[in-house]
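Participant: My questions concern the predicted model and sequence given below.
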Amino acid sequence: MSKSLSEREEYAVKIVQMLPEGLREIVMSSGIPEAELREIRLRVGRGLIIETADGEKLLAKNGRSVRLETEAYRVTKEDIKTVLELFTGYSVYAFEEELRQGYFTVEGGHRIGVAGRAVTENGRVLRMNYISFLNIRIAHECRNCSRELYNRLYGENRLYHTMIFAPAGCGKTTFLRDLIRLLSESGTRVGVADERSELAASHHGIPQHDLGGRTDVMDGCPKAEAMQMLLRSMTPQVLAADEIGLPEDVLAIRAAAGSGCKVLASAHGGTLSEIQKNPMLRELWEERRFERYVRLEKSKKGFGIKAIYDAEGVEL
């Protein structure tokens, strides 16, 4: 690997190299810079799609970007089967627990989303059969993207309880991940409730993303339970959780805040008004549980801070 590659390029090159030969050649022949790759989507019988910084692109067998699906390379059942075998080390059953949640994480922190036919019993997913859809999400870190935010979340020598919100795909998790790293590197003990392995991207319990040397991660555990376990066992000074919104999440945040631990969290929402109207998040708003609300936005240049509000909703 060339040392001149950026971190994003390194992550992208690694995941492309893991693809079966035929798919790998198509993606590599596209001429699209590795740094622009975000996702590779495979759907049986449909066109091969990659997502870049400029949006989705259909790829033909020669790697050329096309507009019509009829001109695109059609993904086969064998493509799906081979990708699963390669990415699981020919041991799909070893990932059965993760697959029940609709995804699995591979070395490097890359996440493979799956869909198909779910076998259920008493409302619980037992296993995934006939997996026909894959979404290969290329892991990447954006170091120091939250530096400005980090510098604005302190008041009177203490960290504010903070919620980061935005619609899907606007950088909530990336910002939160980098903020955790900056806090950890500053000497703060951080506990991370990483229910879906998105913050640490743990592989066999080992974080693939850099969250700092003073960060402890509870991976693959429901957020509320993970937060309680971290509070009891790891004495964090800051507790972080991604995409809160369930009743039990609210209870856990109250418990954390009541213990003197600062809370960092992210949530779905396009505007502060949407956060205030959300049935679960509204309770935290009315209690003034969070002292800062950070709204992110996405643009062609990436994503960044749109606005920061105080506990009363006043833009700062």
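Facilitator: Cool, the structure landed. Numbers count the residues shown, from 1 in each chain.
Participant: Leaving out chain neighbours, which residue sits closest to residue 150?
Facilitator: Distances taken as Cβ to Cβ, 6 or more residues apart in numbering place residue 182 nearest to residue 150, at 4.7 Å, with adjacent residues excluded. From N, CA and C alone the C-beta is placed, and that goes for glycine too.
Participant: Let's verify residue 119: helix, strand, or coil?
Facilitator: For residue 119, the assignment made with DSSP: H, G, I helix; E, B strand; the rest coil gives strand.
Participant: tell me the contacts of it?
Facilitator: For residue 119, the contact set (Cβ atoms under 8 Å, 6 or more residues apart in numbering) comprises 125-129.
Participant: do the same with residue 57
Facilitator: 30, 32, 49-51, 65.
Participant: could you redo the last one with a cut-off of 7 Å?
Facilitator: 49-50, 65 (Cβ atoms under 7 Å, 6 or more residues apart in numbering).
Participant: Closest to residue 72 out of those residues?
Facilitator: When those are compared for distance to residue 72 (Cβ to Cβ), residue 49 comes out closest, at 7.9 Å.
Participant: tell me the SS of the residue lying closest to the closest one once chain neighbours are set aside?
Facilitator: Using Cβ to Cβ, 6+ apart and skipping residues adjacent in sequence, the residue nearest residue 49 is residue 41, 4.3 Å away. What three-state DSSP gives for residue 41 is strand.
Participant: can you check residue 79 too?
Facilitator: Residue 79 - assigned by three-state DSSP - is helix.
Participant: What is the neighbour count of it?
Facilitator: A count of nearby residues for residue 79, using other Cβ atoms under 10 Å, gives 20.
Participant: do residue 295 as well
Facilitator: If you count neighbours by other Cβ under 10 Å, residue 295 ends up with 20.
Participant: list the helices and strands the host helix or strand of it packs on?
Facilitator: Using DSSP states H and E, residue 295 falls within strand 292-299. The elements that strand 292-299 packs onto, with contact taken as 3 or more Cβ pairs under 7 Å, 6 or more residues apart in numbering; DSSP states H and E, are strand 162-166, helix 272-277, strand 302-310.
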